[in-house]
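K.L.:
here is a sequence with its predicted model. Questions after.
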Amino acid sequence: MSNGEATRADVCALAVAECFRDDGEIMVSAMGTTPSLGARLAKSTFAPELLMTDGFNLLLRRALPLGAKPADDDVEGWMPFGAVFDTLWWGRRHVMMGASQIDQFGNQNIACIGPWENPKAQLLGVRGAPGNTINHVTSYWVPNHNARALVAKVDMVCGVGYDRAAALGPEGSRFHEIRRVVTNLGVFDFNTPDHRMRLVSLHPGVELQQVVDNTGFELVIADQVDTTPVPTPEVIGALRALDPQGHAQKEVVV
């Protein structure tokens with residue numbers, strides 16, 4: 001990897017950043033390496049109004065490199081845990097989570113593989129996924145797109161998809177929006193009449209059949225599928241400054 005050459009990881013980070021475009025002055029919570037990098041790229045370039053914390057309880061004035069500790073002049077406010085709930089209950093937050101499994105309607109699983117009563121593997125647990133998905137915009141990051149991750153039916157619902165949100169009635173869909181799913185192969189949304197997952201773009205070098213073969217359900221595919229934008233030299237420079245150790249480069253499966 002050279003400083004001036006765009007990698008697949010760079011393409012993914014820019015695609016993540018674009019998930020937050022036009023969000024306005026809301027709180028962003030990005031969970032994981034590539035989501036954190038993408039959110040910081042957005043704040044440091046086209047969306048300076050985004051509110052971000054240091055991962056604990058301090059609101060930051062600027063986007064810091066991954067792993068950097070904020071100095072006093074980097075801090076512009078305090079965001080204790082209780083204030084996070086006050087924010088998310090009114091839809092003023094956009095979170096990007098991971099997904100061990102995600103289905104065609106956006107139901108997400110990060111709790112276990114196999115039946116709940118006798119799982120094959122214990123994962124993170126449900127965590128805050130139900131509250132996130134019902135109360136504000138949610139996006140997902142999948143670094144290894146395969147048919148075990150994009151599945152016909154998740155083993156357990158943690159994040160609520162469009163079908164389940166609709167079944168809850170107005171209270172379930174008031175703030176519910178799954179904005180994007182970004183994987184190492186492409187970008188996906190749910191802007192279809194029945195809110196099924198749709199292929200938006202393929203990353204450079206990825207063939208459509210590769211995505212189809214590695215997805216465990218039938219995707220909605222437009223007649224013309226775009227290519228995910230490649231970062232400009234200026235954006236690549238910003239990514240290198242925000243991730244000087246190259247952590248995101250090691251996460252993306254090519």
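P.N.:
That came in fine, so what should we check first?
K.L.:
just the strands in the stretch 151-254 of the chain please.
P.N.:
177-183, 186-189, 198-202, 220-227 (DSSP state E, counting those that start in this stretch).
K.L.:
to residue 120, which of the ones you listed lies closest?
P.N.:
strand 177-183 (22.9 Å; Cβ to Cβ). Placement of C-beta: from N, CA and C, glycine included.
K.L.:
among the strands of the stretch 151-254 of the chain, which comes closest to residue 233?
P.N.:
Among the strands of the stretch 151-254 of the chain, the nearest to residue 233 by Cβ to Cβ is strand 220-227 (18.2 Å).
K.L.:
next one: the closest one to chain centre, how far?
P.N.:
Relative to the centre of its chain, strand 220-227 is centred 21 Å away, using Cα atoms, centre = their mean, to the nearest Å.
K.L.:
do stretch 159-168 as well
P.N.:
With Cα atoms, centre = their mean as the basis, stretch 159-168 stands 18 Å off its chain's centre.
K.L.:
now that stretch: average pLDDT?
P.N.:
Mean per-residue pLDDT for stretch 159-168: 95.
K.L.:
equivalent analysis for stretch 241-254, please.
P.N.:
Rounded mean pLDDT across stretch 241-254 is 95.
K.L.:
in the stretch 1-150 of the chain, which ranges drop under the pLDDT threshold?
P.N.:
Applying pLDDT under 70 to the stretch 1-150 of the chain flags the ranges 1-3.
K.L.:
pick out the shakiest of the strands of the stretch 151-254 of the chain, pLDDT-wise.
P.N.:
strand 220-227 (a mean of 93).
K.L.:
what's the neighbour count on residue 89?
P.N.:
Residues near residue 89, counting by other Cβ atoms under 10 Å, number 14.
K.L.:
just the helices in the stretch 51-200 of the chain please.
P.N.:
Remark: helices assigned in the stretch 51-200 of the chain by DSSP state H, counting those that start in this stretch are 81-88, 129-135, 162-167, 170-173.
K.L.:
contacts made by the first one with the rest, please.
P.N.:
Helix 81-88 is touched from outside by 26, 27, 29, 57, 93, 131, 132, 135, 136, with contacts defined as Cβ atoms under 8 Å, 6 or more residues apart in numbering.
K.L.:
next, the buried residues of that helix.
P.N.:
Within helix 81-88, the residues scored as buried using 16 or more other Cβ atoms under 10 Å are 84, 87, 88.
K.L.:
now do stretch 146-160
P.N.:
Buried positions in stretch 146-160, judged by neighbour count with 16+ other Cβ under 10 Å: 146, 149, 150, 151, 154, 155, 156, 157, 158, 159, 160.
K.L.:
end to end on it, go ahead and measure it.
P.N.:
For stretch 146-160, the first-to-last residue distance is 21 Å (Cα to Cα, to the nearest Å).
K.L.:
so what's residue 57 up against?
P.N.:
Listed by Cβ under 8 Å, 6+ apart, the contact set of residue 57 reads 78, 79, 80, 81.
K.L.:
re earlier: to residue 202, which of the helices of the stretch 51-200 of the chain lies closest?
P.N.:
Closest among the helices of the stretch 51-200 of the chain, using Cβ to Cβ: helix 162-167, at 23.1 Å.
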